[in-house]
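Asks: Return atomic coordinates for the entry below.
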Amino acid sequence: MLRILHTADWHLGHTLHGVSREVEHRAFLVWLVECIARESIDVLLVAGDLFDSANPPASAMELWYDFIAAAKARAPALNLIFVAGNHDSAARLDAPCALLRAFGVHVVGRLPRGEDGAIDAERLLIPLRDARGETVAHCAAVPYIRPADLPAVRGDADPYIEGVRQVYASVFRAAMSRRQLGQALVATGHLYMVDSAVSELSERRILGGSQQALPHTLFPRSLTYVALGHMHLAQAVGADERIRYCGSPIPLALDEEPYPHQVVVVEIDAGRLHRQRSVRVPRMVEIWRLPSDGYGRLEDVEALIESLPLLEVGRDDATRPFLELRVHLGQPEPALRQRLAQRLEGRLPRLLKLSVSVPGPGDAAPASPLRTLSELSAEEVFEARCREQLQCETPEALRRAFGELLVEIENATDVISGGA
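Replies: Numbering: from 1, shown residues only. Model (predicted):
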């Protein structure tokens, strides 16, 4: 029996409305070490977005290294596999990979290439050993595939979708040639699949978003399990339980509060998927949104504040709940935040965000939430500018070109930060 723990989208170094998540991440990683020992895990798969940015703070790097040391000390035979996501610097992850490999830790940032420039699929294949030290499976550890990694595509096929398909096909061919009778085949991916649910506030779009969602046929039936990252909501892809996003271990946006944050334990026996089950991650810091069902009048929100529990003496500020207040205003309130902050003095939660909605432009128009520039994606700003200048919706070709430009900028940032 081979036991795999699938997790992803840690986003170490993340801040939420200016508040560091380091305390929550440290608590998760301590819990994860205990979970690995309790569940007798043989393989840890981390499917991308280990860090929140291409240039993470030193404290985030320290968390990662501390976790590796603690996990290997608790479970010396543990196989650890980390692949890069679209938030990670592939070059930065690759830098210590030779050192980490000596300790049984496999890190894949970029797609490896041979001297001829072709993808070296063999270097992406990692043998997975059970508690007896026997190789019972192979992992095709494929990281986030950047546009520069894609082969040239001829004909009318979508260059991104077809390019990704060709990359995976070459890796699977190499895996099948190495696979022996009775061995399982596991794959990783950090990508956006058809029929997957997105958290708009925290998941950076990969290229064209839903316009270039990848089909289920990317992963053949010969695969035993596919460990995916990128979507923060834990979910199977379509009706195929083998292909799964495990979700993020902590909420990375306020609207992710109801998500069932978890890791997935996968059991493989005799080359077949025996079972998979989710293990919930304890939440160290709660998220409260008032009113819970949308926006409320100012006087109603103030009444809800009065019903909040008081702050206990000696309570650690880092564990106090995050609070979002959602207020509908019929007229301007210039000192609104100060007014509500005074109401909150001595209460348990800490105000993280104040959301305001105002009446629409017409009598029958619905209320419209006010959003700050920091809450808008680059795509939203671009499309708003296009509507202003072109007096029409953004043409699809222009939208796609802008998306490709954003990816090129991110790639340039990755190269600069990775070489720093």
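
Asks: How about the contacts made by the nearest residue to E257 once chain neighbours are set aside?
Replies: Spatial nearest neighbour of E257, excluding adjacent residues (C-beta to C-beta, 6 or more residues apart in numbering): I287 at 4.0 Å. All C-beta atoms are positioned from the backbone trio N, CA, C, and that covers glycine. Applying C-beta atoms under 8 Å, 6 or more residues apart in numbering to I287 gives the contacts 251, 254, 257, 321-322, 324.

Asks: Apply 7 Å and report the result again.
Replies: Applying C-beta atoms under 7 Å, 6 or more residues apart in numbering to I287 gives the contacts 251, 254, 257, 321-322.

Asks: Just among those, which is most surrounded?
Replies: Counting neighbours by other C-beta atoms under 10 Å, P251 comes out on top of the contacts of I287 with 24 neighbours.

Asks: Kindly tell me how buried A77 is, as a neighbour count.
Replies: Neighbour tally, A77, other C-beta under 10 Å: 12.

Asks: With Q338 instead?
Replies: Considering only other C-beta under 10 Å, Q338 is surrounded by 10 other residues.

Asks: And for G104?
Replies: Neighbours of G104 under the rule other C-beta under 10 Å: 15.

Asks: Quick check: pLDDT value at the closest residue to R387 other than its chain neighbours.
Replies: Distances taken as C-beta to C-beta, 6+ apart place E393 nearest to R387, at 6.8 Å, with adjacent residues excluded. Model confidence at E393, given as pLDDT, is 76.

Asks: re earlier: let me know the closest of the contacts of I287 to V381.
Replies: L254 (20.7 Å; C-beta to C-beta).

Asks: and the closest one, what are its phi and psi?
Replies: Dihedral pair for L254: phi -60, psi -30, per degrees, to the nearest 10.

Asks: And L329, by the same measure?
Replies: L329 adopts backbone torsions of phi -110, psi 130, taken as degrees, to the nearest 10.

Asks: Can we start the residue count at 446 from this point?
Replies: All right, first residue 446 from here; so that's L774.

Asks: those helices in the chain, which residues are they?
Replies: All helices of the chain, identified by DSSP state H, fall at 467-483, 503-519, 535-539, 542-546, 604-623, 743-751, 781-789, 823-835, 841-864.

Asks: Can you tell me how far the closest residue in space to D640 that isn't next to it in sequence is from L659?
Replies: Counting by C-beta to C-beta, 6+ apart, D640 lies nearest to G683, which is 4.6 Å off, once chain neighbours are set aside. Separation of G683 from L659 (C-beta to C-beta, to the nearest Å) stands at 12 Å.

Asks: if I read this right, L735 contacts V746, doesn't it?
Replies: Yes. Between L735 and V746 a contact is recorded at 6.4 Å, counting by C-beta atoms under 7 Å.
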